[in-house]
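Engineer: sequence and predicted structure, then a few things I'm wondering about:
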Amino acid sequence: MTDSEEGRAAGARWRYVGQERPPFAQAPGAGQESAWDYPRPPRVAADPREVVVRCGFVVIARTRRAVRVLETASPPTFYLPWADVDRRCLQPAAGTSSCEWKGRARYWTVLAGAQRLPSVAWSYVDPLPGFDALAACVSFYPARVECTVDGQRVRPQPGGFYGGWITPEVVGPFKGEPGTQDW
């Protein structure tokens, strides 16, 4: 089964696709957005805020040209242009994974001073149609490195597998929390 076919098969099982907010979802306040209002399949949106990724005192990336992937039930994942990343801080890591929407991801190890953090970042070299903007970008797990958006520290998406960035303006609950495996 191809990644696209996988996505269509999975889509047939979803109840929430961004068209109605479930009764258990938090209502967004002024200036907030609900992860339950994001679409499925996800969409890519430009974000002009300053995004910084650090490991200790080493700045790995800094940009105002990030894009966010917005998907129902998940906090946005920020992708940063390779042009705004210090490539000396990254080396290829073993392994790949597959997303039914974005395609095959490859992983990157972060090198910062004496620190070596395996599989902390990922990218899509040849993303599926609709996600072409990600071809020139990389994302980072905020549980493993310090990520900020306009100076606000990002909280990682629960669960360890997902790479969502929880910023103050996004409310959930979020996929990855206990009991959410069927979302």
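Structural biologist: Okay, I see it.
Engineer: so who does the residue nearest to the spatial centre of the chain touch?
Structural biologist: Geometric centre of the chain, nearest residue: T77, 2.1 Å, by Cα atoms, centre = their mean. With contact set as Cβ atoms under 8 Å, 6 or more residues apart in numbering, T77 has these partners: R68, V69, S139, Y162, G163, G164, W165. In this view, the C-beta of every residue, glycine as well, is placed from N, C-alpha and C.
Engineer: also A61?
Structural biologist: V51, V52, V53, L80, D84, V85, D86, V138, F140.
Engineer: now tabulate those in CSV and tack on secondary structure, neighbour count and distance to D182.
Structural biologist: CSV is the format used below for the contacts of A61 (DSSP: H, G, I helix; E, B strand; the rest coil; neighbours: other Cβ atoms under 10 Å; distance: Cβ to Cβ, whole Å):
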residue, secondary structure, neighbour count, distance to D182
V51, strand, 24, 31
V52, strand, 18, 35
V53, strand, 28, 32
L80, strand, 25, 31
D84, helix, 18, 37
V85, strand, 22, 35
D86, coil, 14, 40
V138, strand, 22, 30
F140, strand, 30, 27
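Engineer: got those as a markdown table, with pLDDT and distance to P28 columns?
Structural biologist: Converted to a markdown table, the contacts of A61 look like this (pLDDT from 0 to 100; distance: Cβ to Cβ, whole Å):
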| residue | pLDDT | distance to P28 |
| --- | --- | --- |
| V51 | 98 | 22 |
| V52 | 98 | 25 |
| V53 | 98 | 26 |
| L80 | 98 | 25 |
| D84 | 98 | 29 |
| V85 | 98 | 31 |
| D86 | 98 | 35 |
| V138 | 98 | 29 |
| F140 | 98 | 26 |
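Engineer: which of those lies closest to Q32?
Structural biologist: V51 (19.0 Å; Cβ to Cβ).
Engineer: partner residues bridging that closest one?
Structural biologist: For V51, the beta-bridge partners under DSSP bridges are T63, V149.
Engineer: do I have it right that it meets T63?
Structural biologist: Yes. Between V51 and T63 a contact is recorded at 5.4 Å, counting by Cβ atoms under 8 Å.
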